[in-house]
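> From the sequence below, what's the structure:
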Amino acid sequence: MFPFPKLKSTKSSARKRNRVARQLSVEDLEGRALLTTLPLNLPVTVNATPVEINGTLYFNGKDSVNGTQLWESNGTLAGTVMLTSANTARGGINPQNLTAVGNTLYFTANDGPTYGSQIWKSGGTAATTTRVSSTAMLMPKTLTNVNGTLYFVGYDSVNRYQVFKTNGTEAGTTIVSKINPAAGSNPSKLTAVGNTLYFSATDGVKGYQLWKTDGTTAGTTMVTTTVTGVTGMSPSLMTAVGNTLYFSALDTRGVELWKTDGTAAGTTLIKDINPGPGSSTLANLTNVNGTLYFTANDGVHGIQVWKTDGTATTTSMVTNITTVMGSAPSQLTAIGTTIYFTANDGVHGSQVWKTDGTAAGTSIVTSINGKAGSAPQDLRNVNGTLYFTAYSTLTGMQMWKTDGSLLGTIMTTNINAPLGINPTNVIVSGGKLFFNTAGASLWVVS
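Below you'll find the predicted structure:
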C-alpha cells in the first residue's frame, strides 16, 4: 500500500512520482509502504505518544484483528513487531502511559475484567512483556522514573488515590504515601529531582501543596504551607534544573515562579514578575544547560521568553518581539546553546524563532505561508537539526527542518497537497524522527 497520493498511470506521471520520491527525505519503513504486517495489509493506528529505549521505538498500535496492543520498531518493516496479543475480544490491552526506566518499558494496560488497568513492563520481546501488578482497582496513571524506580499514582480501597512505586515485581509494588486516607490525596504532577520525587497533593486541610518523598511513607513530607485552604498553593509546571525544582505556585502575589531544594527554608519566590496580585501567566518551563527558560507576562510587554538562574537579579526578559499582546512564544526547544520556539510578531504570523538568550541574538527563522503564518508545531531536535510541522495553503501541514537560517529551512515532505498529512505523535528514536499521519501510517525520517 503506497502512502503517497495516487497519480494517473501515465509515463509522465510515473516520472513525476519518481522525482517526488527521490526529493523526499521522509520514507516509509520499507519501500515507502505503510508500516504494517497485519492481514489484509491494514494500517496500524498509533493512538498514544511513543517512547524510545536504546534506539527502539515502542508504541500502541491498533488494528481490526488484535485491537490496541504494544508494538516496537527499529525503523524497518522487518523490525516492527507486535509484542502483546491479549484481550482481543475487548479491543486489546490498550497500553498507555509508556515510560522508560533504564532498559525496561513500563506502561498501563487492561487485559480484561479480572484485573482491570494495571502496571505492565516489557524488555522488548513478547516473552518479557508481562503484567506487574494485580491490585484490585489500582487504575495507575502518571508513571514517573525516579533514578531507576517507577513511581505512579494509584488507588487502593483503604487510602484512595496515593503515590505508589514498583521495582518491576508484584511484591515490590507498594504504596508510598498515605496522605488523607479517608478521601485520598489526589497526587499529580510527579517530578523527579535526583532521588527525590516531588508532587502536588492535598491533606484535606491545607489544600494542594508541594510534597516530596524518598520512597517511604515516613519520608513523605509537605514542602510548602504558605497558602492554605481549598486551593492551597496549587503547585504546577514542575521542572528540574540540577538539584533544584522550579515550579509555579499561588500566594497573595498571584501565580508566580518559585524554587525549592526540598526544605522549607530553601523554598522561595524567585521574582514577582507581574507585580502585585496579578499572575504572570507562566508556561513552557525548559532547562537549557542549567538555565531555566520560560514564558511569562510582566503586565507590560505581554507574553515573552524569559530566563533565570534562580535569583531575582538573574531573572530577565529575553524577547520583546511585540508588546501589544505579547508574541505568544511556545514550544521552547534547545539545540546546543540555541533555543528555538514559536512566536507571532504580528507581521509574519506564527513562525519558528530562535534566541541565544539575549535580545540581540533573537531572530525569526521561518517565513512560511506569508503573513498568515505557518502554525509550527512539534519542534524536535534530531541530531542537531530542528524538525517541525508547519502549514501552508499550497501544501497543507507537512514536516519541515531548519539549520536556523531562512535558506536552510526546507520542507521534507510534500504529500497529499494541498490537504497535507497532519503529522502527529512526533518522536525521536535512534537518531530518526518518527511520526504518524491522519491516515494511520507510521513514517520515519531518514
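
> When you work out contacts or count neighbours from here on, use the C-alpha atoms and nothing else.
OK.

> Which residues lie in contact with Ser185 in this structure?
160-162, 178-179, 201-204 (CA atoms under 8 Å, 6 or more residues apart in numbering).

> do Trp211 as well
198-201, 220-224.

> Can you show me the strands along the stretch 151-300 of the chain?
160-166, 174-175, 188-193, 196-202, 208-213, 220-222, 236-241, 244-251, 254-260, 268-271, 283-288, 291-297 (DSSP state E, counting those that start in this stretch).

> want to try JSON lines for the ones you listed, with distance to Val318 and mean pLDDT as columns?
Formatted as JSON lines, the strands of the stretch 151-300 of the chain follow (distance: least, CA to CA, whole Å; pLDDT from 0 to 100):
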{"stretch": "strand 160-166", "distance to Val318": "38", "mean pLDDT": "97"}
{"stretch": "strand 174-175", "distance to Val318": "43", "mean pLDDT": "96"}
{"stretch": "strand 188-193", "distance to Val318": "26", "mean pLDDT": "98"}
{"stretch": "strand 196-202", "distance to Val318": "29", "mean pLDDT": "98"}
{"stretch": "strand 208-213", "distance to Val318": "29", "mean pLDDT": "97"}
{"stretch": "strand 220-222", "distance to Val318": "34", "mean pLDDT": "97"}
{"stretch": "strand 236-241", "distance to Val318": "19", "mean pLDDT": "98"}
{"stretch": "strand 244-251", "distance to Val318": "18", "mean pLDDT": "96"}
{"stretch": "strand 254-260", "distance to Val318": "16", "mean pLDDT": "97"}
{"stretch": "strand 268-271", "distance to Val318": "15", "mean pLDDT": "97"}
{"stretch": "strand 283-288", "distance to Val318": "14", "mean pLDDT": "97"}
{"stretch": "strand 291-297", "distance to Val318": "9", "mean pLDDT": "97"}
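
> May I see those organised as a markdown table, with distance to Thr322 added?
Listed next are the strands of the stretch 151-300 of the chain as a markdown table, based on distance: least, CA to CA, whole Å:
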| stretch | distance to Thr322 |
| --- | --- |
| strand 160-166 | 43 |
| strand 174-175 | 50 |
| strand 188-193 | 32 |
| strand 196-202 | 35 |
| strand 208-213 | 35 |
| strand 220-222 | 41 |
| strand 236-241 | 25 |
| strand 244-251 | 25 |
| strand 254-260 | 22 |
| strand 268-271 | 23 |
| strand 283-288 | 18 |
| strand 291-297 | 12 |
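
> quick one, which of the ones you listed is nearest to Asn47?
strand 188-193 (22.2 Å; CA to CA).

> mind checking how far the most centrally placed residue in the chain is from Thr99?
The centroid of the chain falls nearest to Thr49 when counting by CA atoms, centre = their mean (7.7 Å). According to CA to CA, to the nearest Å, Thr49 stands 10 Å off from Thr99.

> in stretch 276-289, what's buried?
278-288 (16 or more other CA atoms under 10 Å).

> oh, I was asking about stretch 402-410
Buried, per 16+ other CA under 10 Å, within stretch 402-410: 402, 404, 409.

> surely the second one meets Thr355?
No: taking CA atoms under 8 Å as the definition, Gly404 is not a contact partner of Thr355, at 10.0 Å.

> returning to that earlier point: pipe the contacts of Ser185 into CSV and attach distance to Thr239 and neighbour count per row.
Shown next, in CSV, are those (distance: CA to CA, whole Å; neighbours: other CA atoms under 10 Å):
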residue, distance to Thr239, neighbour count
Arg160, 27, 19
Tyr161, 23, 27
Gln162, 21, 24
Lys178, 25, 20
Ile179, 23, 24
Ala201, 17, 30
Thr202, 20, 25
Asp203, 23, 18
Gly204, 25, 16
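
> what about the nearest residue to Lys121 once chain neighbours are set aside, helix or strand, and which?
Distance criterion CA to CA, 6 or more residues apart in numbering; nearest residue to Lys121, sequence neighbours excluded, is Tyr106 at 4.3 Å. If you go by DSSP states H and E, Tyr106 is part of strand 104-110.

> elements contacting that strand?
strand 96-101, strand 117-122 (3 or more CA pairs under 8 Å, 6 or more residues apart in numbering; DSSP states H and E).

> Tell me where the model's unsure across the protein.
Low-confidence segments of the chain (pLDDT under 70): 1-44, 323-324, 438-441, 446.

> count of residues packed around the nearest residue to Thr322 once chain neighbours are set aside?
Leaving aside its sequence neighbours, Thr322 sits nearest to Asp345 (CA to CA, 6+ apart; 5.6 Å). When counting by other CA atoms under 10 Å, one arrives at 19 neighbours for Asp345.

> my guess is Asp345 contacts Asn320, does it?
No: at 9.4 Å, Asp345 and Asn320 do not qualify as touching, with contact defined as CA under 8 Å.

> Would you mind listing the residues touching both of these two?
Ser327.

> So what does Ala89 have for phi and psi?
Here is the backbone geometry of Ala89 (degrees, to the nearest 10): phi -70, psi -20.

> thinking again about what came up before, residue contacts, the residue nearest to Thr322?
321-322, 327.

> next one: Asn289
Thr337.

> Now do it against Val146, distance only.
20 Å.

> same deal with Val305?
As judged by CA to CA, Val305 and Val146 stand 29 Å apart.

> again with Lys307
Lys307 is 26 Å from Val146, by CA to CA.

> For the nearest residue to Lys189 once chain neighbours are set aside, name its beta-bridge partners.
Distances taken as CA to CA, 6+ apart place Phe199 nearest to Lys189, at 5.4 Å, with adjacent residues excluded. Beta-bridge partners recorded for Phe199 (DSSP bridges): Trp211.

> any idea how far the nearest residue to Leu285 once chain neighbours are set aside lies from Asn425?
For Leu285, ignoring the flanking residues on the chain, the nearest one in space by CA to CA, 6+ apart is Phe294 at 4.4 Å. Per CA to CA, Phe294 is found 23 Å from Asn425.

> Give me the more crowded residue out of those two.
Higher neighbour count among Phe294 and Asn425: Phe294, with 23 against 16, using other CA under 10 Å.

> wait, what's in contact with the more buried one?
Applying CA under 8 Å, 6+ apart, the residues near Phe294 are 282-286, 305-307, 332.

> let's go with 6 Å and repeat that
By CA atoms under 6 Å, 6 or more residues apart in numbering, the contact set of Phe294 is 284-285, 305-306.

> now swap in Trp120 and tell me
Trp120 sits in contact with 106-108, 130-132, where contact means CA under 6 Å, 6+ apart.

> Who wins on neighbours among those?
Tyr106 (27 neighbours).

> pretty sure that one contacts Gln118?
No: applying CA atoms under 6 Å, one finds Tyr106 not in contact with Gln118, separated by 10.5 Å.
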